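**Student:** Kindly return the folded structure for what I paste below:
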Amino acid sequence: MIKLLSTVLMLNIVYSLSAFASPEILPNIVHEKVLKNGLKVLVKEDRRAPVMVSQIWYKVGASYEHDGVTGLSHVLEHMMFQGTDKLEPGEFSKIIAANGGRENAFTGADYTAYFQTMEASRLEVSLRLEAERMQHLKLQEKEFVKELQVVMEERRMRTEDKPQSQAYEYFKAMAFTSSPYRNPIIGWMQDLEDMKLADLAAWYKQWYAPNNATLVVVGDVQADEVFKLAEHYFSPIPAVDFKPVKQRIEVPQVGLRRGIVKQTAKVPYLLMGYKVPVLNSLENTDDVYALEVLSGILSGGNSARLESNLVRGSQIASSASAGYDMNARLPTLFLFDGVPVDGRSVDELERALLEQIKQLQDKPVAQKELDRIKAQVIAASVYEKDSNFYQGMQLGMLETVGVGWQRSAEYVEKVNAVSAEQLQQVAIKYLIEDHLTVVQMLPKENSHAN
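**Tutor:** The predicted structure is shown next:
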């Protein structure tokens, strides 16, 4: 994706990825098989180095949670390393390390994923261990209490002790009314304090099953061998009868939402977000790709408009960025954030950002500027082909959010097809005041906007 987000905006977008393959070659390099129990297996052979990455993606994350149980997906991610029927707490990680590998996991709004990067001949170790914890996780009270404290401390350090991060959390809760994106991935502190081991056990039983997962392997492997190993280790695991996920559609926003957050901070901070569609929410995706390019025009590097005009040009902002996650499972926000320079106010920065949007609405982007952004997209797509991890990330993410891994083939072509007129049209259509939420974070000692 084309984007340059500040650290705080990355809190709810765990990783951002660009497409990496052309439509002509993708069908020849990605191999797919679905086991009888519903596990989807995707393999991409890449023989440039004798290594592989194995990832397993579950269709569950913070957006599957509801009020009162926020944080369950993230806490369960921690517990997946704390023992099974055959493995002692921490033994999973020790086995991976003993085989020369590294491993970790991450929870997003729309998925939970686990990965190992190892020498290619060690793939069987990875699959054996993942199959074990998919079915035989041993949830123990002692380990649960310990990991819950770890997560709560993580929340304190990453959110509650960081004014901008806390402001972003308030901003999301204000911007969304009924969408589950209003809740933080790590969970609200009250929900973490109230969480019980039985809640976690029910969540594991509900979502961790082969027919709710995608296994992705990228690297120096043979697809047939991967399928054979996957069949051996995962096929004995029974499928789960899932109830359909209830639709949680955001109610229409019909007017500007504005808030002020007072924090113990040295500098003020501004957040703005417009309600926008994503690939999953439109049949005709032209607008989505135009919004994607628009984020690049605004915030696609040092030569993009916000950096050129607000940071270096008028020097209103010490930082300013825009971002958009077109691959979210549900409609999301086109985001802006920024910090005014000393002596300028958040009101001035807000007006400057709105002026940048108005310019996009009033005048088509010059072809030279548009060509530069498209060149950056192509360059990024080539660069990410060098990473087994990010190639696997893209396949797993697209499949898990419901877009489908095949859609990665159209990215470069669709971006290249975006015209200056389309950019102007989506700016006029979506970046409107009635769909806007604004939060100003002000230092407590100066809690009045100018």
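**Student:** for this structure, which spans come out with low pLDDT?
**Tutor:** 1-28, 381, 446-450 (pLDDT under 70).
**Student:** can you do 50?
**Tutor:** Across the chain, the ranges flagged by pLDDT under 50 are 1-28, 447, 449-450.
**Student:** mind listing the strands for the protein?
**Tutor:** 30-34, 40-45, 51-58, 102-107, 112-119, 213-219, 257-263, 269-276, 317-323, 332-340, 436-443 (DSSP state E).
**Student:** Output these in TSV; the columns should cover mean neighbour count and distance to residue 415.
**Tutor:** For the C-beta atoms, the positions are set from N, CA and C on the backbone; glycine is no exception. Output for the strands of the chain, formatted as TSV (neighbours: other C-beta atoms under 10 Å; distance: least, C-beta to C-beta, whole Å):
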stretch	mean neighbour count	distance to residue 415
strand 30-34	16	20
strand 40-45	22	22
strand 51-58	26	25
strand 102-107	17	26
strand 112-119	23	25
strand 213-219	28	23
strand 257-263	16	31
strand 269-276	25	17
strand 317-323	22	16
strand 332-340	26	16
strand 436-443	22	26
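**Student:** Tabulate those strands (CSV), appending distance to residue 357.
**Tutor:** Shown next, in CSV, are these (distance: least, C-beta to C-beta, whole Å):
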stretch, distance to residue 357
strand 30-34, 38
strand 40-45, 39
strand 51-58, 35
strand 102-107, 32
strand 112-119, 34
strand 213-219, 37
strand 257-263, 16
strand 269-276, 9
strand 317-323, 9
strand 332-340, 8
strand 436-443, 10
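**Student:** For residue 399, which of those strands is the nearest?
**Tutor:** With C-beta to C-beta, the closest approach to residue 399 among the strands of the chain belongs to strand 213-219: 4.8 Å.
**Student:** Mind giving me the packing neighbours of that closest one?
**Tutor:** Strand 213-219 sits against strand 40-45, strand 51-58, helix 123-135, helix 223-234, helix 388-401, with contacts defined as 3 or more C-beta pairs under 8 Å, 6 or more residues apart in numbering; DSSP states H and E.
**Student:** Would you mind putting the ones you listed into JSON lines with distance to residue 145 alongside?
**Tutor:** Putting those into JSON lines (distance: least, C-beta to C-beta, whole Å) gives the following:
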{"stretch": "strand 40-45", "distance to residue 145": "35"}
{"stretch": "strand 51-58", "distance to residue 145": "24"}
{"stretch": "helix 123-135", "distance to residue 145": "20"}
{"stretch": "helix 223-234", "distance to residue 145": "31"}
{"stretch": "helix 388-401", "distance to residue 145": "30"}
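**Student:** most neighbours per residue, which of these?
**Tutor:** strand 51-58 (a mean of 26; mean count of other C-beta atoms under 10 Å).
**Student:** The residue nearest to residue 278 when sequence neighbours are not counted: neighbouring residues, count only.
**Tutor:** Nearest residue to residue 278, sequence neighbours excluded (C-beta to C-beta, 6 or more residues apart in numbering): residue 328, at 4.8 Å. For residue 328, the neighbour count with other C-beta atoms under 10 Å is 24.
**Student:** Which residues are in contact with residue 328?
**Tutor:** 109-110, 181, 278, 280, 401 (C-beta atoms under 8 Å, 6 or more residues apart in numbering).
**Student:** Among those residues, which one lies nearest to residue 47?
**Tutor:** residue 401 (29.1 Å).
**Student:** Now do the contacts for that closest one.
**Tutor:** 110-111, 280, 327-329.
**Student:** ok, the residues you listed vs residue 52, which is closest?
**Tutor:** residue 111 (20.7 Å).
**Student:** gap between that closest one and residue 133?
**Tutor:** To residue 133, residue 111 is 17 Å away according to C-beta to C-beta, to the nearest Å.
**Student:** just residue 293 next, same as before
**Tutor:** With C-beta to C-beta as the criterion, residue 293 and residue 133 are 41 Å apart.
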